[in-house]
Structures are given as C-alpha cells and as structure tokens.
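> Could you work out the structure for the sequence below:
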Amino acid sequence: MKKPLQILIATLAMAVVLGCGAGGPGDSPGELTIYSGRSETLVGPLIKQFSQATGIKTSVKYAGTPQLAATLLEEGDNTPADIFFAQDPGGLAAVEHMMAPLPSSILDRVPAWASSSTGRWVGLSGRARTVVYNTDALTEADLPPDIYDFIDPKWSGRIGWAPTNSSFQTMVTAMRSVWGEEKTGEWLEGIQANQPKIYPKNTPIVAAVGSGEIDVGFVNHYYLHRFLAEEGDDFPARNYHPKAGGPGAIIMVAGAGILEQSGNRSAAERFLGFMLSQVAQEFFANKTFEYPLAEGVALNPALVPLSEIPNPGLTANQLSGVRATQQLLRRTGLLP
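Predicted coordinates for the structure are as follows:
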C-alpha cells in the first residue's frame, strides 16, 4: 500500500501532466535554473516531481535567501537563474527590478496581499510569526498580549532569537512599519538587555524551548508542527499568536518570480503554475505545515486559521525593506 506522501506525489505528477500540458510533437521541454532560498528538505520533493512529470530539467542552487539575493545582484544580467524562490518578501523585493511581469493567470490565484504590487513575483505559501513557549514552564495566560512586552526584565535569560535569520529580519521590518524606527530600536535594545540566547535559525530555538533551555522563542509557526509530528503531542511546546496583534503576529509569504533575462519563460511559468496548483498547495499544507494561498485549498486542521490570527495586515511591500532593517540591526550590534 502506498503511503499518504507517495499518493500525494503520484497525484502531483498527474496534475502537472494534465494541468500544464505535455507539449506538442518535437517541443523541447526546456531546462530551468532555480535559485532557492527555501531548503531542499522543504521544496526538493516538489521540484523533483515537477521535473519528472514534465520532462523539464531543473538545476537548483540552495542557499539562504539574503545570500542568493546578493548573488543575483552581483551577477546582474549574466545570472544563469530563471527563477528566484525566496523565503520572504524582503529577498524578493531586493531583486524585483530584475524580474519579469507575471501573467494574470498566475497572479490571480492568490490574494492581492500575497503578491508584489508590480506583479513581478507571487506568494506560494504563507507563514505566521509566532512565539513558541514551553508548556511545562508557562501557560498562554503568562504570555504578554504584545511582543513588545518581552522587554520586561522578568524575561531575562528566558528568550531565544535568531537575528541573522531572514524571517526574523522580516518581522523587524514589520516592526519598523507598525511602530516606527525609534520604538523598534527600543525593542531590540530591550530584548538584548534581557540577555537572550542567540541561535542560527528557527529549528534549534524550538528544540531549546522543548528541552527547557529557554522558555520562549520568536519563530515561524510551522517549525513546532514538525516537532509535534515527529515526537507527538507530548512535546512540551506550543505556539502563541500575540493577542494584541502587531508585528509579532504577521503573516509572511514565501514566493517566487521569473528573472527578466530568463531564456525559458514558458517553462518558468509552468513551474509557478504548478506550485499554485491544488495538489502542490496541499503538499505545503500537509507536508510542511504552511498556509496554502491558492483559493479552495483546505487548511491543515492542526493550524490556527488565518482569520483567527490578529495579523496587522501589512502588504508584501511593507515587509520588503530588509536593507534598512539590516542597517538597524548593525547599529544595535545584532549583525556584524
């Protein structure tokens, strides 16, 4: 008997062949070079299946979103990339001027807030910022309604964060949009005064919360669900969406765009269309625990519905000013 993931992958193959077209006699399926700021463990199975089902070869360069954005800027018109698949809006905005306008057949599949205002990139999945907390040490009632309140000295030595992580930097960008530069700087300095433990990314933060090394951490929502899937509901951590909303409760998108100089836009558009197909969106929902963005795709029942998260409703453009955020992080000593 096939496992659920195998069934899903088989369905993906059929959807790609039927939904994207198999091409006419003598047509070359082409080849795509993808720069992916999303990890291979997250999106590798989808990219591989797309290639197998369509005959379109894919060459994928995996690295952090900021590093790949910097590479694209350095390569300029000489970049071999056809597609930039980024972790967050900031990375996409940094190279948006290098991207081609997308057709409405792709853009119209997601809500307006989940794509570029210029139509040059589209969101493929949604991710909520959240506070993960240790359930042996805390209940939701112990947590403040606003992420700003973690500057209270009572949280000294109890917090984990990842200042170099692109999603954290997007959250700080949201703080600058909602609170302004001064209050955001005060928050960064206030958390630093509480001697937080620094981690390279989200996964070790969730592990540290579960082990009791720290009591709370600032992460994306889906990392906890991976631990729960592997270790069961007894894993002593849960997500908390700050009840006052604000930048601690933002919804971010991971998205992709096609480079202007791409010599294979037809195949690139097929790739984006595939990523927004119902079965691919269900893969994000059920395998990676992210929020599907295409209309009509069921949410994973383990997740809090987006309508119940007090998201401040920032546009993708308002979350794109990462360069200024990085400058602020350098001024406050969080980046070299």
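
> Ala244 against Pro310, yeah?
Yes: under the criterion of C-beta atoms under 8 Å, Ala244 makes contact with Pro310 at 6.9 Å. The way it works is simple: take the backbone N, C-alpha and C, and place the C-beta from them, glycine included.

> Could you pull out the helices in the stretch 1-150 of the chain for me?
4-20, 40-54, 65-75, 89-94, 104-107 (DSSP state H, counting those that start in this stretch).

> From the contact counts, what lies against the last one?
This means helix 104-107. Counting contacts by 3 or more C-beta pairs under 8 Å, 6 or more residues apart in numbering; DSSP states H and E, helix 104-107 is packed against helix 265-275.

> Report the buried residues of the helix it packs on.
Arg265, Ala267, Ala268, Glu269, Arg270, Phe271, Leu272, Gly273, Phe274, Met275 (16 or more other C-beta atoms under 10 Å).

> What separation is there between the fifth one and Asp108?
Plainly put, Arg270 is 16 Å away from Asp108 if you go by C-beta to C-beta, to the nearest Å.

> The fourth one too?
Separation of Glu269 from Asp108 (C-beta to C-beta) stands at 13 Å.

> How about residues contacting stretch 184-202?
Residues outside stretch 184-202 that contact it (C-beta atoms under 8 Å, 6 or more residues apart in numbering) are 147-148, 150-151, 153, 155-165, 167, 172, 175-176, 179, 205, 208, 213-214, 217, 219-220, 223, 328-329, 331-334.

> Now with 6 Å, please.
Here stretch 184-202 makes contact (C-beta atoms under 6 Å, 6 or more residues apart in numbering) with 148, 151, 155-157, 159-162, 165, 175-176, 205, 214, 219-220, 223, 332.

> Buried members of the residues you listed into ChimeraX, please.
Selection of the buried residues among those in ChimeraX, burial being defined by 16+ other C-beta under 10 Å:
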select :148,151,155,159,160,161,162,165,175,176,205,214,219,220,223,332
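
> Now, the contacts of stretch 184-202 that are in strands?
Among those, the members falling in strands are Ile159, Gly160, Trp161, Val219, Asn220 (criterion: DSSP state E).

> Return the member of the residues you listed nearest to Pro45.
Asn220 (19.5 Å; C-beta to C-beta).

> May I have the beta-bridge partners of that closest one?
Arg129 (DSSP bridges).

> separation between the closest residue to Arg120 other than its chain neighbours and Phe218?
Nearest residue to Arg120 in three dimensions, chain neighbours excluded: Met99, at 4.1 Å (C-beta to C-beta, 6 or more residues apart in numbering). Separation of Met99 from Phe218 (C-beta to C-beta): 30 Å.

> do the same with Ile191
9 Å.

> Give me the more crowded residue out of those two.
Phe218 (25 against 21; other C-beta atoms under 10 Å).

> Please tell me the pLDDT value assigned to the more buried one.
At Phe218, the pLDDT value in this model is 98.

> The one 4 residues further on now?
In the predicted model, Tyr222 carries a pLDDT score of 95.

> What residues does the closest residue to it other than its chain neighbours make contact with?
Take Tyr222 and drop its neighbours on the chain: the residue closest to it by C-beta to C-beta, 6+ apart is Phe289, 4.0 Å away. Counting by C-beta under 6 Å, 6+ apart, Phe289 touches Tyr222, His225, Asn300.

> From Leu228, how far off is the nearest residue to the last one once chain neighbours are set aside?
Sequence neighbours aside, Ala285 is the residue nearest to Asn300 in space, at 4.7 Å (criterion: C-beta to C-beta, 6+ apart). Plainly put, Ala285 is 15 Å away from Leu228 if you go by C-beta to C-beta.

> Pick out whichever of these two has more residues nearby.
Ala285 (21 against 18).

> I believe that one is in a helix; please confirm or correct that.
Yes: looking at Ala285 with DSSP: H, G, I helix; E, B strand; the rest coil, it is inside a helix.

> wait, doesn't it sit right on Ala294?
No: assessed by C-beta atoms under 6 Å, Ala285 is found out of contact with Ala294, at 10.1 Å.

> Does Gly90 touch Arg323 like I think?
No: the pair formed by Gly90 and Arg323 falls short of the contact definition of C-beta under 6 Å, at 8.2 Å.

> Those two: which is more packed in?
Gly90 (26 against 15).

> least trustworthy helix or strand in the protein by mean pLDDT?
Within the chain, judged by mean pLDDT, DSSP states H and E, the helix or strand with the poorest mean is helix 4-20; its value is a mean of 45.

> can you map out the strands along the stretch 201-336 of the chain?
Along the stretch 201-336 of the chain, counting by DSSP state E, counting those that start in this stretch, strands occupy 216-220, 237-240, 251-258.

> Thr139: neighbouring residues, count only.
By other C-beta under 10 Å, the burial measure for Thr139, its neighbour count, is 10.

> next SSE after the one helix or strand Trp187 maps to?
Assigned by DSSP states H and E, Trp187 belongs to helix 181-193. Per DSSP H and E, the first helix or strand lying C-terminal to helix 181-193 is strand 197-198.

> Average pLDDT for that following strand, rounded please.
98.
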